[in-house]
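Enquirer: below are the sequence and a predicted model; questions follow.
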Amino acid sequence: MSVTAVVVRLKLSLLRNGLRQSGGRRAAYVASAVVALLFAALQLVGLIALRGHAHADALVVVLAAVLGLGWAVMPLFFPGGDETLDPTRLVMLPLRPRPLVRALLAASLVGIGPLFTLLLLTGSVIAVAHGTAAGVVAVLAVPAALLLCVALARAVAAANIRLLTSRRGRDLAVLSGLVIAVGAQVVNFGAQRLGSAGLGQLDPVADVLRWVPPGAAVGAVQSVSDGSYGAAAGQLLLCALASAALVVVWARSLERLMTAPDGSTLRAAEPSGRERRSARGWERLLPAGRTGTVMGRSLRYVWRDPKTKAAWVTSLAIGLIVPVFNAVQGTGTVYFACFAAGMLGIQMYNQFGQDTSAFWMVAMTISSSRDALVELRARALALLVITLPYATLVTVLTTALLGSWVRLPEVLGLSFALLGAMLATGAWTSARFPYSIPQEGHKNVAPGQAGLAWISIFGGMVSAALLCSPVIAVTIWLHAGADADAFGWLLLPGGAAYGAALTVLGLRLAAPRTAARLPEILAAVSKG
């Protein structure tokens with residue numbers, strides 16, 4: 001049996017055995033496959049319906065380029081999506097690079113992603129193919145574009161496999177949520193602009209991308225339809241040369257990975273002298289005593305712990321995307337900037353859950369309500385180091401985009417009041433409703449503790465909104481009396497003072513409960 005057949009069967013076996021692990025994983029895979037293929041089928045029908053449209057060629061060329069970009073970044077942000085992307089698993093087998101390249105390339109064509117891409121490329125060439133000659137070129141263009149996308153993904157994965165299998169690679173995968181969130185907003189914004197201005201806005205971009213593979217493959221079909229056979233030949237030649245270059249780069253990366261020793265030694269893993277000096281540098285900026293120690297530990301969680309980093313990245317992204325993109329689209333208001341403070345304030349909830357079973361070391365240092373107060377206060381200060389400047393930045397940026405500078409002080413005051421209320425309720429719910437965060441897998445709540453998580457987060461958010469009601473009422477009263485322009489600036493110091501008072505009160509109320517419930521908290525956060 002050939003190497004290609006064996007590797008394809010291996011890919012199918014990996015897929016089949018993965019689905020056998022649990023019913024939930026099987027159901028999730030089937031549901032995602034159905035949704036993806038249904039979306040691809042609808043796109044296929046929509047692209048076919050564009051046949052004859054004056055600007056159909058611009059749309060399909062840009063679509064092909066976006067598909068190529070997606071295949072290029074997919075291995076970087078989803079390294080675990082295809083286990084055959086890691087060729088180092090085959091390093092002990094007596095395989096030559098050339099047969100291995102053919103085998104892995106064939107295995108890459110198995111899956112939902114290639115089928116999704118094939119449907120979109122098919123619809124793209126149908127939309128622009130007019131005449132027999134264009135149909136013949138389309139038959140060549142679709143597999144050429146698909147193979148180029150697959151080779152691009154393989155070359156990128158092979159070149160970065162050492163990074164992707166390291167801790168930094170896993171940290172990079174955390175950014176996938178940010179990429180998806182930003183990408184969805186960009187697509188939404190672009191769709192709205194195209195819906196109002198028409199597909200003609202894509203013509204300048206398409207004129208460039210039709211000479212950039214894989215957009216050149218679809219552009220070749222349009223060129224034949226227009227009678228430009230020389231241009232079509234050049235575009236297909238570009239695709240062939242790009243595919244050949246990617247395969248060569250991929251083959252060299254494979255040979256290097258299969259023969260060169262692994263450079264991940266202890267010496268390489270140690271931080272350099274400059275990194276050690278920079279670490280000591282920022283630590284010197286923290287307060288002395290227990291407060292500085294706890295702040296440093298909390299900030300390291302944000303930078304190093306995958307689950308904590310994922311939560312922070314998501315909150316930072318959504319807190320910026322919602323107000324800014326609504327402001328850019330002209331449908332927002334400056335008060336949407338408070339969304340950033342709300343999303344970042346959520347990070348105060350379940351503070352002890354990120355410690356997991358290691359919370360026992362924290363519990364051993366708490367012998368009184370005073371110790372608990374210092375612990376909670378330091379964690380809140382670590383959170384404020386990030387949230388205060390970020391919430392201010394989002395508020396100023398949103399205000400600048402909308403041109404409502406007169407509303408900046410009151411929006412900042414509302415943001416600071418909301419942040420203080422969420423810090424207060426987050427400290428209390430961390431002591432009253434702690435839950436465990438599993439370190440393995442994608443779940444953020446241990447089995448059986450989902451109810452605690454819902455009560456902690458959503459109950460705390462509702463309570464924070466109620467605590468902010470006096471500041472909200474004052475804002476509404478000023479606007480109702482037409483005095484907002486004259487006295488709205490008072491909401492900035494007032495909201496900041498009110499938020500600080502709520503934070504101090506919440507920490508003082510949460511400290512005795514934390515000191516009294518240390519065994520219960522340890523048991524709750526150790527279940528993951």
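Expert: Done, it's in.

Enquirer: show me where the stretch 301-450 of the chain dips below the pLDDT cut-off.
Expert: Residue ranges of the stretch 301-450 of the chain with pLDDT under 70: 439-443, 448.

Enquirer: and the helices in it, which stretches?
Expert: With DSSP state H, counting those that start in this stretch, the ranges of helices along the stretch 301-450 of the chain come out as 306-328, 338-345, 359-363, 369-402, 408-432, 450-454.

Enquirer: all helices for the stretch 101-250 of the chain, in order.
Expert: 112-128, 132-159, 161-164, 167-174, 176-197, 203-209, 215-225, 229-259.

Enquirer: pLDDT below threshold where in the stretch 101-250 of the chain?
Expert: 161-200.

Enquirer: turn the helices of the stretch 301-450 of the chain into a markdown table, columns for mean neighbour count and distance to Arg290.
Expert: For glycine as for every other residue, the C-beta is placed from the backbone atoms N, C-alpha and C. Output for the helices of the stretch 301-450 of the chain, formatted as a markdown table (neighbours: other Cβ atoms under 10 Å; distance: least, Cβ to Cβ, whole Å):
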| stretch | mean neighbour count | distance to Arg290 |
| --- | --- | --- |
| helix 306-328 | 20 | 21 |
| helix 338-345 | 26 | 24 |
| helix 359-363 | 17 | 11 |
| helix 369-402 | 20 | 5 |
| helix 408-432 | 27 | 16 |
| helix 450-454 | 15 | 28 |
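
Enquirer: please name whichever of the helices of the stretch 101-250 of the chain is nearest to Leu93.
Expert: helix 229-259 (9.0 Å; Cβ to Cβ).

Enquirer: show me what the closest one is packed against.
Expert: Secondary-structure packing of helix 229-259 (3 or more Cβ pairs under 8 Å, 6 or more residues apart in numbering; DSSP states H and E): helix 97-108, helix 132-159, helix 215-225.

Enquirer: ok so, going back, nearest to Leu148, of the helices of the stretch 301-450 of the chain?
Expert: Closest approach to Leu148 among these (Cβ to Cβ): helix 306-328, 30.7 Å.

Enquirer: for the helices of the stretch 301-450 of the chain, give me JSON lines that also has distance to Ala501.
Expert: Shown next, in JSON lines, are the helices of the stretch 301-450 of the chain (distance: least, Cβ to Cβ, whole Å):
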{"stretch": "helix 306-328", "distance to Ala501": "24"}
{"stretch": "helix 338-345", "distance to Ala501": "16"}
{"stretch": "helix 359-363", "distance to Ala501": "27"}
{"stretch": "helix 369-402", "distance to Ala501": "14"}
{"stretch": "helix 408-432", "distance to Ala501": "7"}
{"stretch": "helix 450-454", "distance to Ala501": "28"}
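
Enquirer: among the ones you listed, which comes closest to Leu254?
Expert: Nearest to Leu254, of the helices of the stretch 301-450 of the chain and by Cβ to Cβ, is helix 306-328 at 28.6 Å.

Enquirer: what distance separates that closest one from the centre of its chain?
Expert: Relative to the mean C-alpha coordinate of its chain, helix 306-328 is positioned 9 Å out (Cα atoms, centre = their mean, to the nearest Å).

Enquirer: what angle do it and helix 338-345 make?
Expert: Orientation note: helix 306-328 sits at an angle of 180 degrees relative to helix 338-345 (axes from the mean of the first three to the mean of the last three Cα atoms, to 10 degrees).

Enquirer: phi first, then psi, for Arg352.
Expert: In this structure residue 352 is Phe, not Arg. Main-chain dihedrals, Phe352, degrees, to the nearest 10: phi -80, psi -10.

Enquirer: who's in contact with it?
Expert: By Cβ atoms under 8 Å, 6 or more residues apart in numbering, the contact set of Phe352 is 359, 362, 430-431, 434, 521, 525.

Enquirer: list the contacts of Leu50.
Expert: 56, 59-60, 127.

Enquirer: now do the buried residues in stretch 130-138.
Expert: Going by neighbour count (16 or more other Cβ atoms under 10 Å), the buried part of stretch 130-138 is 134, 137-138.

Enquirer: want to throw the residues you listed into CSV with distance to Asp203?
Expert: Putting these into CSV (distance: Cβ to Cβ, whole Å) gives the following:
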residue, distance to Asp203
Ala134, 20
Val137, 22
Ala138, 21
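
Enquirer: on that earlier part again, who wins for proximity to Thr503 among the helices of the stretch 301-450 of the chain?
Expert: Using Cβ to Cβ, the nearest of the helices of the stretch 301-450 of the chain to Thr503 is helix 408-432, at 4.5 Å.

Enquirer: and the angle from that closest one to helix 369-402?
Expert: Using the same axes, to 10 degrees: helix 408-432 against helix 369-402 is 150 degrees.

Enquirer: and helix 408-432, what does it pack onto?
Expert: So helix 408-432, by 3+ Cβ pairs under 8 Å, 6+ apart, packs with helix 338-345, helix 369-402, helix 460-467, helix 469-480, helix 491-516.

Enquirer: what is the neighbour count of the closest residue to Val142 other than its chain neighbours?
Expert: Leaving out its chain neighbours, the residue that sits closest to Val142 by Cβ to Cβ, 6 or more residues apart in numbering is Leu121, at 4.9 Å. Leu121 is flanked by 27 other residues according to other Cβ atoms under 10 Å.

Enquirer: domain ranges for this protein?
Expert: Following automatic domain parsing, the chain resolves into domains at 3-260, 281-525.

Enquirer: next one: the last one to chain centre, how far?
Expert: The reference is to domain 281-525. Worked out by Cα atoms, centre = their mean, domain 281-525 lies 21 Å from the chain centre.

Enquirer: on that earlier part again, ok, of the contacts of Phe352, which one's closest to Gln235?
Expert: The closest of the contacts of Phe352, once distances to Gln235 are taken by Cβ to Cβ, is Val525, at 58.7 Å.

Enquirer: the closest one - how many residues pack around it?
Expert: The burial count for Val525: 26, using other Cβ under 10 Å.

Enquirer: ok, it - contacts?
Expert: Going by Cβ under 8 Å, 6+ apart, the list of residues near Val525 reads 352-353, 355-357, 359, 434-437.

Enquirer: what's the most distant pair in these?
Expert: Ser357 and Tyr435 (13.3 Å).

Enquirer: in terms of neighbours, single out the busier of those two.
Expert: Taking other Cβ under 10 Å, Ser357 and Tyr435 do not tie; Tyr435 has more neighbours (26 against 14).
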